[in-house]
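J.: Everything below, folded, please.
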Amino acid sequence: MDAASVKSHYPTVINSIKTRLIAADRQLNFINENQDDGDNWFRLDAVALQVRKVCELMVLGSTLAHLQEGTELDPKHWRPKDAFNEIGKFNAYPLPIPLQLYFSVDDEGSKQLTPAMKPMPLSSLSKVYGQCGNLLHVPSAKRVLDENVAPFEWDKFRAWVNDLIRLVRGHALLLPAIQTIIVCRWSGVPDEVPQIILAEGDGEAVLNVSNLKDFDLLSA
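T.: I've put the predicted structure just below:
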């Protein structure tokens, strides 16, 4: 499958992620400005649901991109645990790599993309996904009796939504089998659609992470 065909699904997934993050951001802003509103419980659930679905969409986007490059995997594996495990078979870095928000320009005028940190590890996405689920599902009787019911931590969700928006604004996804890197750029303006660029090379798409700082988004 050629590189151009990769563009058929990834932009749709990323735009859905952007739309859900904007919705969650607005709900969080409303809660912060109207802390005594009696319907905030509903808004908190909505935020947790959108963040959880964003986690699933990130896995879906990576899965579709790697399926289209010819990676052998079972697309029927879509229970969250199976899906998280499945994309770990793609390559060393199957999830987005955060990029600097602004291009650097070399002496010849060429724009350069610079990684901001190491790629997102599966463990970060999995922990956020799990903590959202703890809030959305009714707890067991034992957890209630043990007073171990997860509270909604507004600051944590505020940070997650900010970090995920930052990731959509600039990230790359490596597709080594077709020597291609998917680059996503978004201005942050809600009505604008993220731009997806395919950067093709003459050699394998690889990443040297030795000089990059650890991924510090989505601490869970």
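J.: so which helix or strand takes in the closest residue to residue 181 other than its chain neighbours?
T.: Nearest residue to residue 181, sequence neighbours excluded (Cβ to Cβ, 6 or more residues apart in numbering): residue 199, at 4.4 Å. Yep, even glycine has a C-beta here, placed from its N, CA and C like the rest. Element membership of residue 199, judged by DSSP states H and E, is strand 195-200.
J.: which residues in the protein form strands?
T.: 97-98, 104-105, 111-112, 170-175, 180-185, 195-200 (DSSP state E).
J.: What is the neighbour count of residue 153?
T.: Residues contacting residue 153 under the criterion other Cβ atoms under 10 Å number 12.
J.: Residue 119 too?
T.: 22.
J.: In the sheet, which strands lie alongside the strand holding residue 199, parallel or antiparallel?
T.: strand 180-185 (antiparallel) (DSSP bridges).
J.: Just the angle for the strand it pairs with relative to strand 170-175, thanks.
T.: 160 degrees (axes from the mean of the first three to the mean of the last three Cα atoms, to 10 degrees).
J.: low-scoring stretches of this protein, by residue?
T.: Low-confidence segments of the chain, defined by pLDDT under 70, are located at 1-8, 68-81, 84, 90, 103-111, 201-206.
J.: Against residue 32, how distant is the most far-flung residue of the chain relative to its centre?
T.: For the chain, the C-alpha farthest from the mean C-alpha position belongs to residue 145; by Cα atoms, centre = their mean, that distance is 35.0 Å. Separation of residue 145 from residue 32 (Cβ to Cβ, to the nearest Å): 33 Å.
J.: ok, how many other residues are close to the closest residue to residue 98 other than its chain neighbours?
T.: Closest residue to residue 98 apart from its sequence neighbours, by Cβ to Cβ, 6+ apart: residue 116 at 4.3 Å. Using other Cβ under 10 Å, residue 116 has 18 other residues around it.
J.: do the same with residue 13
T.: When neighbours are counted by other Cβ under 10 Å, residue 13 comes out with 19.
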